[in-house]
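S.K.: Next input, structure requested:
(one chain, ligands or ions: 2)
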Amino acid sequence: MNCLSPSILAADISRLGEEIRMIDQAGAQYIHIDIMDGHFVPTISFGGPLMNSIRGLTDRIFDVHLMVEEPAHLVEEIVACGADIITVHAEGCVHLDRTIDKIKAQGVLASVALNPATDLSCLEYILPKLDMVLLMTVNPGYGGQTYIPYSTNKIRDLRRIIEERQLRIDIEVDGGINLSNVQEVLDAGANIIVAGSAVFQGDITANVEEFLKIMR
Ligand code: DX5
Ligand code: ZN
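M.R.: Ligands and ions are numbered 1, 2, ... in the order given. Prediction:
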């Protein structure tokens, strides 16, 4: 199933509750929450307390993307704050397998993110343990960047590997996705679509509806 995961990094934080209700009512299935630590990526966004304060507003799936160096210590807090899916970066975890086990032990879905230049081969052994793989289609750290064109081949390669191994794993794409290139990433095999600026700039309800029309 294809799902839209609007990234609230691009929302107007002063009106966050209202904007979350808008994406929920327009039919977005997930809410993408970008947690940044100022080390793994240059900047800091938000964390558990913000998740807590919005958890009561919507039943949509909280899709939490930890752009954090060694995020294992955060897993319990992030689950307590209402995460449904937790993604950690392969590049940020020395003990990736242990971190994934820790996420799964909390009873939520586990996912690994790869930066654009990171080879798919680092997933070879861990892939069967994962519920989702997040392919970064820009360098993580900021919203509003341009989609990196070579990502399309990477999505296609990952979808082929998942099919050959007869696994059921979602492929999420994150960064620079808009109404003009979403079809390209869907065709390549992505099925969870993160969109920040393309959802929250302009008419939020209309943007979500346009995405969902293409993704049906
Ligand atoms: C970037 C974040 C993304 C970001 C996407 O580091 O992981 O989720 O919010 O924003 P857009 O869709 O504007 O590229
Ligand atoms: Zn993200």
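S.K.: looking at this protein, which residue lies furthest from center?
M.R.: Residue distances from the centre of the chain (C-alpha atoms, centre = their mean) peak at E164, which lies 23.8 Å from the mean C-alpha position.
S.K.: Let me know the distance separating that residue from D157.
M.R.: 11 Å (C-beta to C-beta, to the nearest Å). For every residue, glycine as well, the C-beta is placed using N, CA and C.
S.K.: Same check on G47?
M.R.: Distance from G47 to D157, by C-beta to C-beta: 33 Å.
S.K.: For these two, indicate the residue with more neighbours.
M.R.: G47 (19 against 15; other C-beta atoms under 10 Å).
S.K.: just checking, that one touches I35?
M.R.: Yes. Contact criterion C-beta atoms under 8 Å: G47 and I35 qualify, at 5.5 Å.
S.K.: Identify the contacts common to the two.
M.R.: Taking C-beta atoms under 8 Å, 6 or more residues apart in numbering as the contact rule, G47 and I35 both touch L74.
S.K.: returning to what we had before: which pLDDT value belongs to the residue farthest from the centre of the chain?
M.R.: Here the pLDDT value assigned to E164 is 98.
S.K.: ditto for E210
M.R.: Looking at E210, its pLDDT is 98.
S.K.: Counting by contacts, list what the helix ranked longest in the chain packs against.
M.R.: For the chain, the longest helix by residue count, based on DSSP state H, is helix 151-164. Judged by 3 or more C-beta pairs under 8 Å, 6 or more residues apart in numbering; DSSP states H and E, the packing partners of helix 151-164 are strand 132-136, strand 170-174, helix 182-188.
S.K.: Of all those, which one is nearest M1?
M.R.: Nearest to M1, of all these, is strand 170-174, at 8.7 Å by C-beta to C-beta.
S.K.: Same list (the helices and strands packed on helix 151-164) but as CSV, adding distance to R21, mean neighbour count and mean pLDDT.
M.R.: Putting the helices and strands packed on helix 151-164 into CSV (distance: least, C-beta to C-beta, whole Å; neighbours: other C-beta atoms under 10 Å; pLDDT from 0 to 100) gives the following:
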stretch, distance to R21, mean neighbour count, mean pLDDT
strand 132-136, 25, 25, 99
strand 170-174, 23, 25, 99
helix 182-188, 23, 17, 98
